[in-house]
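Trainee: build the 3D model from these lines:
(2 chains)
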Amino acid sequence: MNKSIIRFILCRVLQFEGLFLLLPVIVSIFYKENTGLIFVAISAGCLALGTLGAHFKPKSKVFYAREGFVVVAMSWILLSLVGAIPFVATGEIPSYVDAVFETVSGFTTTGASILNDVEALTKTTMFWRCFTNWIGGMGVLVFIMAVLPLSGSRNMHLMRAESTGPEVGKLVPRVKTTATILYGIYFGMSLILITCFLLSGLPLYNSLILSFSTMGTGGFADLNKSLGGYSRSAQTISMIFMILCGVNFNAYFLILRRKFKDFWKLEEVRVYLFIVFLSAAAITIQIRGGFDSLGDAFHHALFQVGSIVSTTGFSTVDFNAWPMLSKVILLFLMVVGGCAGSTCGGIKVPRFLILLRSLGRELSHLTHPRSVKKVKLNGQTVSEETVSSVISFMIAYVLVVMVSTFIVAADNMDFTSSFSAVLANVGNIGPGLGIVGPTGNYSTLSDLSKITLIFDMLAGRLEVYPMLVLFYMGTWRKS
Amino acid sequence: MQIVLVGCGNVGADIAKSLSREGHNITVVDVNERLVKDLSDELDLMGYAGNGTTIEVLEDAGVKNADLLIAATDSDERNLLCCFIAKKAGTAYTIARVRNPEYKKEIEFIKEDLGLSLVVNPELAAAEEIARLLKFPTALEIDTFAKGRVELLKFEVTKESPLCGMQLKYVPKKLDSSVLICTVERGNEIFIPNGDFTVWEGDKLSIIASGKKAMQFFKAAKMNLNRVHNVMIVGGGMICVYLANILLSSGVEVKIIEKDKRICEALAERLPEAIIINGDGADKTLMEEEGILNTEGFVSLTNHDEENVMMSVYVKKVNPKAKLITKVHRNVYDDIISDLNIGSIINPKLLAAENVVKYVRAMNNTLDSNIETLYTLNAGKAEALEFTVKEASGLVDVPLADLKLKKNVMIASIIHKGQVETPGGQSRIQIGDNVVVVTTERGFVDIKDILA
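Mentor: Residues are numbered from 1 along each chain as shown, chains lettered A, B, ... in the order given. This is a model prediction of the structure:
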């Protein structure tokens, strides 16, 4: 284990967090809130500490897969622990565990909140809270890679550990260029979204924070009623972009490169859109009675489906009151999530396709024991290595959900609430059902449950393995 | 540059490593998924698993917009086909690895017809290098700059040499020679020495000079200048055929020892002037019988690195005067082998990779970089770079003594209008000159980078 390179990258992360923390300061100047001073102080601390630590170059730049996992997991933990300080320092979230929960929820783009009254936050703190959604969406290390030349050639390990999906590839030969393209697309789409919100009549501040939470598919809103308090047009814009952010960003790269043929070959995108519209239609049929018109029902159904499948977690209505089947559909969507290479959480569509197809292959193998068959995705053969890694991912995911449900169950909530709380956090959605539903929050949970859910959120965002590797003894052994 | 590299074997991987380090955008293609994955983990490049001779895979890898395609699989035919397809698809330049001696005559014909920019033949390159070393047995390595006008020679200081115990500042006076000693290798360490440096026996010195001056220097330093008159080669592979041809044509006696009867027969047919012995190079009696104790040159070219090294160690012991050349394929044990002091080591795959990289550099030179040639010295611990000075800068027309250079950088040679000049304090670099710089630092792309 090369500890000095880990230290070096962590200090770089700290430097960047220091820079990020300066953004809310601009807001505080604009709204004349003195919370800005606290952000300046914390930012200065981060920059000083980070610069000092990064000043000493690592002894060796050797960098392997395990360093990649450990660096990514530790970066996210560090980011969250430091990012929580402003909440405590301003006194807006007095308990540090609560503040960490809120920050982790932000960075992992979960959007689960422990705040009873979101509207009580100052504009500065609210900006920081929503900005964590944006930066967490595409990933911090990917951002650093786009800006800085990191430790040379092996930084693919970093990208792989931080990006989502069963197989992380590059768009172009260089990691740095790939990272720049991804962030370019992300940034460009964010700008379009902000413009759309502005055109729909929202003030700049609200456009910004809503764009942050929508693009990162995070789901932090500045109202207790989530998006329920915004106009129909704002809801529609948000809905479209949530669904768009659930699409693999490679697809947008293909469109930019005018490779439309290759774009249509992306099965996961087609399946993803199919799931979205099918679920929305099914829910519309069930809930149409509760709304004035069919269009109205479809709007809310599609919004909710888009919000859950892209693991954003916005809500326009209290879907907890919907019929059981609709709620189960939403629960299913929580597990599925969006496409690989998107800003979503969840298990993700391509993994499910691979799983279903390897199950089909197993069945055909039982009936024709000597048959040889390959699992395909997007028209290409999926390597056996990937198939088995997807299966073990599934096992790890289920295991994390089970163990967490055990711990959360100690709080003695009803089953729906405990189970959906875990699912909503591992899947990075945010609101679950029952007590932790769209109108409720996580404030009533015990600290132990909160810490468990913090772990779940990080595990869900980083796709389980980095967190498990971090706590795996073998990682830290010398040889 | 956008480069597509087909074939990630030893040669391919070496090429990828050098080119990636120089900042090119590389996409590698190989049928073996494992190789592709390992390489794309290690280096910052994109990998595709697939057959590089199909247009779909090549198009996926981006041949349409590529500046260069390098085909380095183990099959000559596949490489040619690959280059042919890429050329048709729109790649500007193509390089193929073709090594079968049977194609040697056809190569010019094929090259023109398929529009190949360069044909790399590791075995031929190795044979040429070995022949050069045999003509000048004192040198452990020979590289050339400025189209052959300047040579970089590495040699080991022997006990008899007056250089032993001499401080470098006295070398020009005592030996009446103006060559520049640019690196000294002592054990595992490498120095760029200054005038106070004292040479010891066993140090490996690299000098840069024109061929003539180098000869005078070696004469004064009492180094062996006699070329080898007879050579014993063990192992009758492709390199052996190329090498024997070169040696025989310049009048050197060649004796080849090969285990396989059938290969011996093929060799006998091809090389009627050589003595072909069917036997094992590890057979001591046979070797003594065939004159191992008196041969002037010994080249081990079998397919087993270990066998080659062991044989050279043995010959070193029984016939210390012989010039030894050992072929090694894997460069994992470089350090250990260089400790054994068994003369020159030849790595055909590394040589091939170097040739390709040299070509790419020349290509790049016309685009944006000013590096004309680059050699890695002393197992990659130092580099010798040749720059073309294209434009005015802080170091043009300033006496060298007034330049503030970075640490571990030495201006080793200035080639002004074709004249080789050994730089002194009053020498000045002019626009249009070629300048050879030796350094242990990395990543210089322009002559200006040597300034502190």
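
Trainee: what secondary structure does the residue positioned nearest the centre of chain A sit in?
Mentor: Centre of chain A computed as the mean C-alpha position; nearest residue by CA atoms, centre = their mean is A:Thr109, 3.7 Å away. Using DSSP: H, G, I helix; E, B strand; the rest coil, the secondary structure recorded for A:Thr109 is coil.

Trainee: let me see the contact set for it.
Mentor: Neighbouring residues of A:Thr109 by CB atoms under 8 Å, 6 or more residues apart in numbering or on different chains: A:133, A:136-137, A:216-219, A:311-312, A:343, A:345, A:428, A:461. Just so you know, the C-beta spots here come from the backbone N, C-alpha and C atoms, and that holds for glycine as well.

Trainee: if you set the cut-off to 10 Å instead, what comes out?
Mentor: Applying CB atoms under 10 Å, 6 or more residues apart in numbering or on different chains to A:Thr109 gives the contacts A:132-138, A:213, A:215-220, A:245, A:310-313, A:343-345, A:428-430, A:457, A:460-461.

Trainee: any weak-confidence spans in the stretch 351-452 of chain B?
Mentor: Where the stretch 351-452 of chain B drops to pLDDT under 70, the residues are B:365-370, B:378-380, B:443.

Trainee: ranges for the strands of it?
Mentor: Using DSSP state E, counting those that start in this stretch, the strands of the stretch 351-452 of chain B run over B:371-377, B:382-388, B:409-416, B:419-421, B:434-439.

Trainee: follow-up on the earlier one: mark which of the contacts of A:Thr109 are part of strands, please.
Mentor: If you go by DSSP state E, the contacts of A:Thr109 have nothing in strands.

Trainee: out of those residues, which are buried?
Mentor: A:132-138, A:213, A:215-220, A:245, A:310-313, A:343-345, A:428-430, A:457, A:460-461 (16 or more other CB atoms under 10 Å in any protein chain shown).

Trainee: ok, back up a step: list the contacts for the closest residue to the residue nearest to the centre of chain A other than its chain neighbours?
Mentor: Nearest residue to A:Thr109, sequence neighbours excluded (CB to CB, 6 or more residues apart in numbering or on different chains): A:Gly218, at 3.9 Å. Counting by CB under 10 Å, 6+ apart, A:Gly218 touches A:105-112, A:129-137, A:212, A:311-314, A:343, A:345, A:428, A:430.

Trainee: hmm, try it at 8 Å
Mentor: A:106, A:109-111, A:130, A:132-134, A:136-137, A:212, A:312-313, A:430.

Trainee: going by distance to A:Gly295, which of these wins?
Mentor: A:Thr312 (22.2 Å; CB to CB).

Trainee: point me to the residue of the stretch 201-350 of chain A nearest chain B.
Mentor: Closest residue of the stretch 201-350 of chain A to chain B, CB to the nearest CB: A:Asp262 (9.2 Å).

Trainee: tally of neighbours for that residue?
Mentor: Other residues within reach of A:Asp262, judged by other CB atoms under 10 Å in any protein chain shown, total 17.

Trainee: per-residue pLDDT of the residue of chain A most remote from its centre, please?
Mentor: Distance from the C-alpha centroid of chain A peaks at A:Arg370, with 42.2 Å (CA atoms, centre = their mean). pLDDT, A:Arg370: 87.

Trainee: just the helices from chain B, written as ranges.
Mentor: B:10-21, B:33-42, B:55-60, B:76-89, B:107-114, B:122-135, B:171-175, B:211-220, B:238-249, B:261-270, B:284-289, B:305-318, B:334-339, B:348-367 (DSSP state H).

Trainee: in the third one, which residues are buried?
Mentor: Applying a neighbour-count criterion of 16+ other CB under 10 Å, the buried positions in helix B:55-60 are B:57-58.

Trainee: what mean pLDDT does that helix have?
Mentor: 87.

Trainee: related to what we said a few turns ago, compute the distance between the residue nearest to A:Thr109 and B:Gly90, please.
Mentor: 44 Å (CB to CB, to the nearest Å).

Trainee: highest mean neighbour count out of the strands of the stretch 351-452 of chain B?
Mentor: strand B:434-439 (a mean of 24; mean count of other CB atoms under 10 Å in any protein chain shown).

Trainee: tell me what angle it forms with strand B:382-388.
Mentor: 160 degrees (axes from the mean of the first three to the mean of the last three CA atoms, to 10 degrees).

Trainee: low pLDDT regions in chain A?
Mentor: For chain A (pLDDT under 70), the answer is A:149-154, A:478-479.

Trainee: chain B contacts on that one?
Mentor: By CB under 8 Å from any CB of the partner chain, the part of chain A that sits against chain B consists of A:65, A:152-157, A:169-170, A:172-177, A:383.

Trainee: list the contacts of the residue nearest to A:Glu267 when sequence neighbours are not counted.
Mentor: What sits nearest to A:Glu267 in space, not counting adjacent residues and going by CB to CB, 6+ apart, is A:Asn378, at 5.1 Å. Shown in contact with A:Asn378 (CB under 8 Å, 6+ apart): A:265-268.

Trainee: in PyMOL, how would I select the buried members of those residues?
Mentor: To isolate the buried ones among the contacts of A:Asn378 in PyMOL, judged by 16+ other CB under 10 Å, type:
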select buried, chain A and resi 266+267+268
